[in-house]
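Student: starting from these lines, generate the structure:
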Amino acid sequence: MRFFVAAALLMTAGCGDGPASNPRSSTTLHIGLGAGAATGAVADAGIAQLVANLTSEPLVLFARDGRPAPQLAARWSYSPDRRALRLTLRDAVFHDGAPVTATLVREVIEQRLPRQLGPAFDDLKQVEVASERELVFHLHRPSTFLLEALDGLIAKPGAPGVGSGAFRRSPDDGARLLANEAYTEGAPALSRIELKPYESVRAAWADLLRGNVDMLFEVGVEALDSLQPSSQVRVFSYRRHYQYVVLFNVKKPALRDPGLRRGMSAAVDRPLLIADVLGNRGTPSAGPVWPDHWAAPEELPPLAYEPRQLAPADAPLTISLLIADPTHERIGIALQRQLRSVGIAAVLEMPGPEASLKRIADSDFDLVLTDLASAPTLLRPYLFWHSKGPYNYGGYDSPAVDAALDSIRHAVDDEAYRTGVAAFQRAILDDPPAIFLAWSERARAISTAFDVPAEPGRDPLATLRLWRPAPPPAVATTH
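Tutor: Below you'll find the model as predicted:
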């Protein structure tokens, strides 16, 4: 659901690889964005988000395992008592030629940190500009979440759209990006990117096969089987940092009992749901912890399928299931069927995105089906499941979960962090705030006319700066 994605400011698409060694090319990459029955406004929002991801950079990137990697921040270090974090900026410039200075970066992050950190903002005492390229974060107490909150995109204050990324906006067309020749990590191998919205994924796919676009930005993997295969297209699938969940509103009397919530979670056959609705492209959830995280408990098993009767079949417990995103309707129908078998009558409600968001903000729901940005760091679930988290719309309050999350937040070493994560997982499963369903997958479809250096399971856009035209196929000769 776009509400949660935008609110948590969770998506970035930078790359910290070394300078490109490939010769420059004048090739333009045409990207089609299919919006599947979406309105024009939604398509425009998708373009705006993609443009921001490609033109701006975060201070810190987080790898698939949740470990931090440098981006605009070249390096960082903690004081021995971990009450100060010193961060040194890379020697970078914005697209208008202005240097990326510590003063400008502080202005941006000081506006964001209260919302990005939630209750953990109380750990921060002061952000000091130590020099033109150095910031020092002074803390009241150790905080692992401070560094995890520095993954937001940095744009120049007072100059919307002016970032420091490998691509820059065209001054005369908001859907066109140009190579940033002055990019300090090396100029891109592509000279230009053109973005084009489509009314549907299928329409964009057809233009990809005709050669009118070079890349289909995002394909729901459940739709892949219905698209025509082609030797001219490569499909890159990857697991997203989002998982489908059903939020409980524990303010509702019927949902206050943890035993009922555990029973509802156990009534869901996740592999069946993934097979029937997601085309076997998804990973069953084991709870709120990203399965690839370095601190995830070892061999994190999927949640058990142990259905038991929760209410009489002739007198089921009736509750509403709010679906804000119409693309989630099939998941909702599958859940409705599975819950009915244990005596839960879920009444599907789809009042539309705008009305749904208002109801969520007002806690006017029983259950909400959505996909939450839950990875790759633990800061993200903290913002949803801590009792004081800014996105805790279901009124969830568990002292055990709060204690575990706060122990992660104040961990002074890896072992303490791991211990906190294990306690968090146990506490959540004992008193679930949601039915954790599956980690979703998406795919990018890219013309074979481009050489794409991609890692298995990783979003290929992470290496966009290094993409180049593929060499022409060898022509057989006879002698």
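Student: got the end-to-end distance for stretch 226-237?
Tutor: This stretch, stretch 226-237, spans 15 Å end to end (CA to CA, to the nearest Å).
Student: ranges for the helices of this protein?
Tutor: Secondary structure of the chain (DSSP state H): helices at 2-8, 40-55, 102-117, 144-148, 201-210, 258-266, 270-277, 329-340, 353-361, 379-385, 399-409, 414-430.
Student: what lies in contact with the fifth one?
Tutor: Which is helix 201-210. With contact meaning CB atoms under 8 Å, 6 or more residues apart in numbering, helix 201-210 is reached by 32-36, 198, 213-217, 219-220, 223, 226-228, 230, 232-233, 445, 447. To be clear about C-beta, it is placed using only N, CA and C from the backbone, and glycine gets the same treatment.
Student: out of the residues you listed, which are buried?
Tutor: 32-36, 198, 213-217, 219-220, 223, 227, 233, 445, 447 (16 or more other CB atoms under 10 Å).
Student: strands - which of those residues land there?
Tutor: Residues of the buried ones among the contacts of helix 201-210 located in strands (DSSP state E): 32, 33, 34, 198, 215, 216, 217, 219, 220, 233, 445, 447.
Student: could you list the buried residues of stretch 417-434?
Tutor: For stretch 417-434, the neighbour count (16+ other CB under 10 Å) marks 417-425, 427-429, 431-434 as buried.
Student: oh, that last question was meant for stretch 86-93, not what I typed.
Tutor: 87, 88, 89, 90, 92.
Student: from one end of stretch 197-204 to the other, what's the distance?
Tutor: 8 Å.
Student: what mean pLDDT would you report for that stretch?
Tutor: What stretch 197-204 shows for mean pLDDT is 87.
Student: can you check stretch 242-254 too?
Tutor: Across stretch 242-254, the average pLDDT comes to 96.
Student: contacting residues around stretch 400-411?
Tutor: 120, 123, 141-145, 378, 381-382, 385-388, 416-417, 419-421, 423-424, 426-428, 430-431, 433.
Student: alpha carbons only: can I get stretch 240-249 in CSV?
Tutor: Only the C-alpha atoms of stretch 240-249 are listed here, as CSV (Å, rounded to 0.1, in the frame of the first residue of the first chain):
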residue,chain,number,x,y,z
ARG,A,240,11.4,-7.1,-2.3
HIS,A,241,11.8,-5.5,1.2
TYR,A,242,8.0,-5.7,1.6
GLN,A,243,5.8,-8.4,3.0
TYR,A,244,2.0,-8.9,2.8
VAL,A,245,0.4,-8.7,6.2
VAL,A,246,-3.0,-8.4,7.7
LEU,A,247,-2.9,-5.8,10.5
PHE,A,248,-5.0,-6.4,13.6
ASN,A,249,-6.8,-3.5,15.2
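Student: okay, now the unreliable bits of this structure?
Tutor: Confidence mapping of the chain against pLDDT under 70 gives the ranges 1-26, 35-46, 221-222, 474-479.
Student: mind listing what the closest residue to residue 449 other than its chain neighbours touches?
Tutor: Take residue 449 and drop its neighbours on the chain: the residue closest to it by CB to CB, 6 or more residues apart in numbering is residue 470, 5.6 Å away. The contact partners of residue 470, taken as CB under 8 Å, 6+ apart, are 448, 449, 450, 451.
Student: so who does the last one touch?
Tutor: If I follow you right, that is residue 451. Residue 451 neighbours (CB under 8 Å, 6+ apart): 467, 468, 469, 470, 471.
Student: quick check: the fourth one vs residue 232, distance?
Tutor: Right, the one you point to is residue 470. Separation of residue 470 from residue 232 (CB to CB, to the nearest Å) stands at 11 Å.
Student: do the same with the first one
Tutor: In this view, residue 467 and residue 232 are 16 Å apart by CB to CB.
Student: and what of the third one?
Tutor: If you measure residue 469 against residue 232 using CB to CB, the figure is 14 Å.
Student: my guess is residue 344 meets residue 265, correct?
Tutor: No - using CB atoms under 8 Å, residue 344 makes no contact with residue 265, being 11.3 Å away.
Student: distance to residue 304 added to the ones in strands among the buried ones among the contacts of helix 201-210, as JSON lines?
Tutor: Converted to JSON lines, these look like this (distance: CB to CB, whole Å):
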{"residue": "32", "distance to residue 304": "42"}
{"residue": "33", "distance to residue 304": "39"}
{"residue": "34", "distance to residue 304": "37"}
{"residue": "198", "distance to residue 304": "42"}
{"residue": "215", "distance to residue 304": "40"}
{"residue": "216", "distance to residue 304": "37"}
{"residue": "217", "distance to residue 304": "37"}
{"residue": "219", "distance to residue 304": "32"}
{"residue": "220", "distance to residue 304": "28"}
{"residue": "233", "distance to residue 304": "39"}
{"residue": "445", "distance to residue 304": "36"}
{"residue": "447", "distance to residue 304": "44"}
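Student: those residues: which two are farthest apart?
Tutor: 220 and 447 (19.7 Å; CB to CB).
Student: list the residues that contact the spatially closest residue to residue 396 that is not a sequence neighbour.
Tutor: Nearest non-adjacent residue to residue 396, counting by CB to CB, 6+ apart: residue 433, 3.9 Å away. Residues counted as contacts of residue 433 (CB under 8 Å, 6+ apart) are 247, 248, 250, 261, 384, 385, 394, 396, 398, 401.
Student: residue 73 now?
Tutor: 59, 60, 87, 88, 89, 90, 150.
Student: wait, the fifth one sits on residue 102?
Tutor: Yes - with contact defined as CB under 8 Å, residue 89 and residue 102 form a contacting pair (6.2 Å).
Student: which residues do those two both contact?
Tutor: With CB under 8 Å, 6+ apart as the test, residue 89 and residue 102 both reach 133, 134, 135.
Student: circling back to that earlier point, which one of the helices of the chain lies closest to residue 178?
Tutor: Per CB to CB, nearest to residue 178 of those: helix 40-55, 9.8 Å.
Student: that older thread, wait, which of the buried residues of stretch 86-93 is closest to residue 311?
Tutor: When these are compared against residue 311 (criterion: CB to CB), the nearest one is residue 87, at 54.1 Å.
Student: residue 130 is in contact with that closest one, correct?
Tutor: No - here residue 87 does not reach residue 130: they are 9.3 Å apart, not a contact under CB under 8 Å.
Student: what residues are shared contacts of the two?
Tutor: Taking CB under 8 Å, 6+ apart as the criterion, residue 87 and residue 130 both touch residue 136.
Student: can you pull the contacts of residue 81?
Tutor: Counted by CB under 8 Å, 6+ apart, residue 81 has contacts residue 142.
Student: go on, the one 10 residues further on?
Tutor: The contact partners of residue 91, taken as CB under 8 Å, 6+ apart, are 74, 133, 184.
Student: who wins for most neighbours among those residues?
Tutor: Among the contacts of residue 91, residue 133 has the most neighbours (other CB atoms under 10 Å), with 19 neighbours.
Student: how close does that one get to residue 106?
Tutor: 12 Å.
Student: quick check: closest non-adjacent residue to residue 329.
Tutor: residue 323 (6.0 Å).
Student: relative to residue 424, how far out is residue 296?
Tutor: 10 Å.
Student: err, residue 444, not the other one
Tutor: Residue 444 is 32 Å from residue 424, by CB to CB.
Student: go on, residue 206?
Tutor: Taking CB to CB, one finds residue 206 at 46 Å from residue 424.
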